[in-house]
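Colleague: Quick one, fold the following:
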Amino acid sequence: MAKFRNDTGSVLTVNDLSRQVGPGEEFDWPGYDPGVHGVIPGCVRIDEPVKPLPKRTKGADEQDKETGE
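Modeller: Have a look, this model is predicted:
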């Protein structure tokens, strides 16, 4: 289930949910796949999946400290 927040500053009518969503209101949309359909215009996805951080590579100064050079 995707969770969104209405950041438009106006009331949205979400026909598929048969309801209106006020400014700043959070709402669930069961069955909505943002990966397929994208984020709803004017809304922010608040249950964004956590992406793993890229592995950090050592800089030249850190490599020198390890080898003693």
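Colleague: what bits of this structure have low per-residue confidence?
Modeller: Applying pLDDT under 70 to the chain picks out residues 59-69.
Colleague: separation between the residue nearest the centre of it and Trp29?
Modeller: In the chain, the residue lying closest to the centroid (Cα atoms, centre = their mean) is Glu48, at 3.4 Å. As judged by Cβ to Cβ, to the nearest Å, Glu48 and Trp29 stand 14 Å apart. Where C-beta positions appear, they are placed from N, C-alpha and C, glycine not excepted.
Colleague: right, and Arg5 touches Gly22 too?
Modeller: No - if you go by Cβ atoms under 8 Å, Arg5 and Gly22 don't touch, sitting 10.7 Å apart.
Colleague: and the residue nearest to the centre of the chain, that's in a helix?
Modeller: No - inclusion of Glu48 in a helix is not indicated when DSSP: H, G, I helix; E, B strand; the rest coil is applied; the result is coil.
Colleague: got a list of contacts for stretch 42-54?
Modeller: Ala2, Lys3, Phe4, Arg5, Asn6, Asp7, Thr8, Leu12, Glu26, Pro34, Val39 (Cβ atoms under 8 Å, 6 or more residues apart in numbering).
Colleague: among these, who's most crowded?
Modeller: Phe4 (23 neighbours; other Cβ atoms under 10 Å).
Colleague: That residue: which element?
Modeller: Element membership for Phe4 (DSSP states H and E) is strand 2-6.
Colleague: Quick check: next helix or strand after that strand?
Modeller: Next along from strand 2-6, by DSSP H and E: strand 12-14.
Colleague: Can you pull the phi/psi pair for Gly35?
Modeller: Per-residue torsions, Gly35: phi -70, psi -30 (degrees, to the nearest 10).
Colleague: Run a quick neighbour tally on it.
Modeller: 7.
Colleague: Relative to Arg45, how far out is it?
Modeller: Distance from Gly35 to Arg45, by Cβ to Cβ: 10 Å.
Colleague: Repeat that for Leu12.
Modeller: Counting by Cβ to Cβ, the gap from Leu12 to Arg45 is 14 Å.
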